[in-house]
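Student: Dropping the sequence and predicted coords here.
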Amino acid sequence: MTTAKEYSDGHPLDEIGYLEYKILLKPDHFVRPEGYEYYWANVCKVAEKLGVGVKMRKEPFKREVREVLFFDTHKFDLYNNSFILRKRTYYIDGWPEPDHELAFKFRNEDMDMSAGIDVRSNIEGTERIKFKEELLPLRDEVGGMRSIYSHNCILTSPNIVLDQGLSNVAKVFPCLRDVGVKLNSKIDLVNQVRVNEVEVTPGHLDFGHHLKAKATIAIWRNRATETSLVGEFAFQAKFNRYDDVHAKARALADKFFIALQKAAPEWIQLGTTKTYMIYGMGNKAPSNHE
């Protein structure tokens, strides 16, 4: 736990600016694209019952495709120390966009520890910092809730060679120098898994008191085998300050999250995160079990 109020250069600690609720969904419900619509029907039923506003998009089930890759050392030194290095490339009409997104994260159950890690890069002017409280179901039971805290630095097409030494990454993200891993360790694609992410954004949820959240449903598929790995329903609200979130709106969002689990328990995949699932596809499991 950190008691510091600022980073080493005097910059104040980043504050939480997002609430993101996530429910992992079993992949066998997404053998056809209609799975998105079936689950969204569940969402709308629960929203109507609890008085949560729903605003549909013009094309609610228009599918967006991305490739998602994770990079780490052979021993998973990043992930086992709560760091995640993810590259995401968007596709338009089947063709990859020229720019990609690189996310460097520190994600942990300890909010103070997550806030205290200075994830900023030394590439000025292009980074976006996102500090999120992520709400997940309990690991072994439907109808509960737990929090993890994700402190993210997002870069657009940084000039970093990812499949070589960790030292290349540490040059851009200096906090890695203090992790205690050997910076000459080679990094590579985690378990050689390339994920095909297909996501829809059906609309927005309104919990009142200016707390609105974008809702998405995504399925992750293994590009090599064309098999579905896991689905996810998520809704995310953005705000300037954590204290700005009205207590009644937060309480309604929490209630909706739990009610949604209980309304369709047969859809829910417990005990993992998407990232942990990719790390667990090889011969060894990571020691970091989110």
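Tutor: Thanks, I have it. Residues are numbered from 1 along each chain as shown.

Student: okay, CA-based contacts and neighbour counts for the rest of this
Tutor: Will do.

Student: where does I84 land in three-state SS?
Tutor: strand (DSSP: H, G, I helix; E, B strand; the rest coil).

Student: Downstream of the lowest-mean-pLDDT helix or strand in the chain, the next helix or strand is which one?
Tutor: One helix or strand of the chain scores below all others by mean pLDDT, DSSP states H and E: helix 166-172, with a mean of 89. The helix or strand immediately downstream of helix 166-172 is strand 187-189, counting by DSSP states H and E.

Student: what's around P60, how many residues?
Tutor: 16 (other Cα atoms under 10 Å).

Student: Now do the helices in the stretch 1-150 of the chain.
Tutor: 34-50, 111-116 (DSSP state H, counting those that start in this stretch).

Student: Which of those helices sits closest to L270?
Tutor: helix 34-50 (16.7 Å; Cα to Cα).

Student: Now that closest one: buried residues?
Tutor: Along helix 34-50, these residues count as buried under the neighbour rule (16 or more other Cα atoms under 10 Å): 35-36, 39-40, 43-44, 46-47.

Student: Turn those residues into a markdown table, columns for distance to I219 and pLDDT.
Tutor: Below are the buried residues of helix 34-50 laid out as a markdown table (distance: Cα to Cα, whole Å; pLDDT from 0 to 100):
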| residue | distance to I219 | pLDDT |
| --- | --- | --- |
| G35 | 10 | 95 |
| Y36 | 9 | 97 |
| Y39 | 12 | 97 |
| W40 | 14 | 98 |
| V43 | 17 | 98 |
| C44 | 19 | 98 |
| V46 | 22 | 98 |
| A47 | 22 | 98 |
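
Student: which among those gets closest to V181?
Tutor: Nearest member of the buried residues of helix 34-50 to V181, counting by Cα to Cα, is Y36, at 41.4 Å.

Student: My understanding was that the closest one contacts D28; is that so?
Tutor: No - assessed by Cα atoms under 8 Å, Y36 is found out of contact with D28, at 12.0 Å.

Student: longest strand anywhere in this structure?
Tutor: In the chain, assigned by DSSP state E, the strand with the most residues is strand 95-108.

Student: Who are the packing partners of that one?
Tutor: Helices and strands touching strand 95-108, by 3 or more Cα pairs under 8 Å, 6 or more residues apart in numbering; DSSP states H and E, are strand 83-92, helix 111-116, strand 146-156.

Student: Residues in contact with that strand: which ones?
Tutor: By Cα atoms under 8 Å, 6 or more residues apart in numbering, the residues outside strand 95-108 that reach it are 82-91, 114, 117, 119, 148-158, 290.

Student: repeat that for 6 Å
Tutor: 82-91, 148-157 (Cα atoms under 6 Å, 6 or more residues apart in numbering).

Student: Just checking: what are the partner strands of it?
Tutor: Neighbouring strands of strand 95-108 in its sheet, by DSSP bridges, are strand 83-92 (antiparallel), strand 146-156 (antiparallel).

Student: Buried residues in that strand, which are they?
Tutor: For strand 95-108, burial by neighbour count (16+ other Cα under 10 Å) applies to 100-108.

Student: Please tabulate these in CSV, including the columns pLDDT and distance to T225.
Tutor: Supplementary listing: those in CSV, determined by pLDDT from 0 to 100; distance: Cα to Cα, whole Å:
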residue, pLDDT, distance to T225
H100, 91, 23
E101, 93, 24
L102, 94, 25
A103, 96, 25
F104, 96, 27
K105, 97, 28
F106, 97, 30
R107, 97, 29
N108, 96, 31
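
Student: residues of stretch 205-214 that come out buried?
Tutor: 205-208, 211-214.

Student: Let me see the mean pLDDT of it.
Tutor: For stretch 205-214, the mean per-residue pLDDT is 97.

Student: could you dump it to PDB, C-alpha only?
Tutor: Extracted C-alpha coordinates of stretch 205-214, given in PDB (Å, rounded to 0.1, in the frame of the first residue of the first chain):
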ATOM      1  CA  LEU A 205     -27.400   2.500 -20.000                       C
ATOM      2  CA  ASP A 206     -28.600   5.400 -17.800                       C
ATOM      3  CA  PHE A 207     -28.500   5.100 -14.000                       C
ATOM      4  CA  GLY A 208     -29.600   8.600 -13.300                       C
ATOM      5  CA  HIS A 209     -27.800  11.500 -11.700                       C
ATOM      6  CA  HIS A 210     -25.600  11.800 -14.900                       C
ATOM      7  CA  LEU A 211     -24.200   8.300 -14.600                       C
ATOM      8  CA  LYS A 212     -24.400   6.900 -18.100                       C
ATOM      9  CA  ALA A 213     -22.500   3.900 -19.400                       C
ATOM     10  CA  LYS A 214     -21.600   2.500 -22.800                       C
END
